[in-house]
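Undergrad: Predicted model, plus sequence, below.
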Amino acid sequence: MASEQKTVKEMPIELKLKALYDLQLVSSKIDKIRTMRGELPLEVEDLEDEIAGLETRVENFNEEIKKLNALVVEHKNKIKEADAQIKKYQEQQQTVRNNREFDAISKEIEYQDLDKQVSEKRIKEFTAEIHHKQELLEEAKVRIEERRGDLEGKKAELDTIVAETQQEEESLEKQAAEISKNIDERSLNAFYRIRGNAHNGLAVVTVKRGACGGCFNHIPPQRQLDIRQHKKLIVCEYCGRILVGDGSESGIDDGVPALKSKSSKS
């Protein structure tokens, strides 16, 4: 194990750059796979949350309609009671002994009639509110069915992508692990630290047309020459990414053909 660690540490800079760039290529492919399905789980989760919210809304509407119906029944009973009282008072009016008793009973009949009018008004208000709540309830139910259909589609799409990409992702992860074995711990830690800080996950980028492939800032000519010579690990002074030359300048490009030939000889 000690001799293996020593070999990794003594790896020539050119081969280390190749290994880092290969690791970047593989990591970017893994990122692409995860991005493809990365949005779908969020969409599935959003749909599940929306459906749960709509179901709660439906429950609330049902509860509100139930309470309103109870109030309608309560006021209908008040009207029946008022009618009964009015009938009783009207019968009493037939047996009064003087005008004062007649006027008192007339007042009671008037109060009962006012109570009836209030209850009738409340019943109309509650009935209109029930109708409105029922419309909202039906809209929510339709929305739930639509969202459930969307959810089933998204879940099926996610399952398909996972099934299609899982094997490829596992293969790429194995490749990344094999490449990582040939990179010293310090360089590997730097690679993952830069990847973590980069919004697109690019830790190693090529220099194309004299500019950094990560932040696109211009690289001075002398620094470009140093990068092409592969004698030391150079990072962009603007974004901190590890820089390698592109195929037209140094043979380092997708797959790093120039360095692969040297690697195969070693």
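TA: Looks like it arrived, so ask away. This is a predicted model, so every value here is computed, not measured. Residues are numbered from 1 along each chain as shown.
Undergrad: Sticking with the residue positioned nearest the centre of the chain, tell me its helix or strand.
TA: Here the mean C-alpha position of the chain is nearest to the C-alpha of residue 42 (Cα atoms, centre = their mean), at a distance of 3.6 Å. Here residue 42 sits within helix 13-93, counting by DSSP states H and E.
Undergrad: That helix - what's its average pLDDT?
TA: Helix 13-93 comes out with an average pLDDT of 92.
Undergrad: Show me what whatever helix or strand comes next after it is packed up against.
TA: Sequence-wise, the next helix or strand beyond helix 13-93 is helix 99-180, with elements assigned using DSSP H and E. For helix 99-180, the packing partners by 3 or more Cβ pairs under 8 Å, 6 or more residues apart in numbering; DSSP states H and E come out as helix 13-93. In short, each C-beta sits where N, CA and C put it, glycine included.
Undergrad: Look up how far residue 162 lies from the residue nearest to the centre of the chain.
TA: 14 Å (Cβ to Cβ, to the nearest Å).
Undergrad: can you tell me the distance between the two ends of stretch 186-206?
TA: From its first residue to its last, stretch 186-206 covers 21 Å (Cα to Cα, to the nearest Å).
Undergrad: Now for the nearest residue to residue 223 once chain neighbours are set aside, how many residues are close by?
TA: Distances taken as Cβ to Cβ, 6 or more residues apart in numbering place residue 234 nearest to residue 223, at 6.8 Å, with adjacent residues excluded. Close neighbours of residue 234, defined as other Cβ atoms under 10 Å, add up to 19.
Undergrad: Likewise for residue 78?
TA: Using other Cβ under 10 Å as the criterion, the residues surrounding residue 78 number 18.
Undergrad: hang on, it packs against residue 121?
TA: No - Residue 78 is beyond contact range of residue 121, at 11.7 Å (criterion: Cβ atoms under 8 Å).
Undergrad: about what we covered before: beta partners for the residue nearest to residue 223?
TA: residue 243 (DSSP bridges).
Undergrad: Could you pull up the contacting residues of it?
TA: By Cβ atoms under 8 Å, 6 or more residues apart in numbering, residue 234 lies in contact with 223, 226-227, 242-243.
Undergrad: and which of those residues is nearest to residue 200?
TA: residue 242 (14.2 Å; Cβ to Cβ).
Undergrad: residue at max distance from the center of the chain?
TA: Summary for the chain: using Cα atoms, centre = their mean, the residue whose C-alpha lies farthest from the chain's mean C-alpha position is residue 97, with a distance of 81.4 Å.
Undergrad: what kind of secondary structure is residue 205 in?
TA: strand (DSSP: H, G, I helix; E, B strand; the rest coil).
Undergrad: Verify the stated contact: it with residue 214.
TA: Yes - with the criterion set as Cβ under 8 Å, residue 205 and residue 214 qualify as a contacting pair; they are 4.3 Å apart.
Undergrad: From residue 130, how far off is the nearest residue to residue 230 once chain neighbours are set aside?
TA: By the measure of Cβ to Cβ, 6+ apart, the closest residue to residue 230 outside its immediate chain neighbours is residue 14, 4.1 Å from it. Between residue 14 and residue 130 the computed distance is 80 Å (Cβ to Cβ).
Undergrad: same check, this time on residue 236
TA: According to Cβ to Cβ, residue 236 stands 67 Å off from residue 130.
Undergrad: who has more neighbours, the two?
TA: When residue 236 is set against residue 130 and neighbours are counted by other Cβ under 10 Å, the residue ahead is residue 236, at 22 against 19.
Undergrad: and the residue nearest to the more buried one when sequence neighbours are not counted, what is it in contact with?
TA: Closest residue in space to residue 236, ignoring its immediate chain neighbours: residue 212 at 4.5 Å, by Cβ to Cβ, 6+ apart. For residue 212, the contact set (Cβ under 8 Å, 6+ apart) comprises 205, 219, 236, 238-239, 241, 243.
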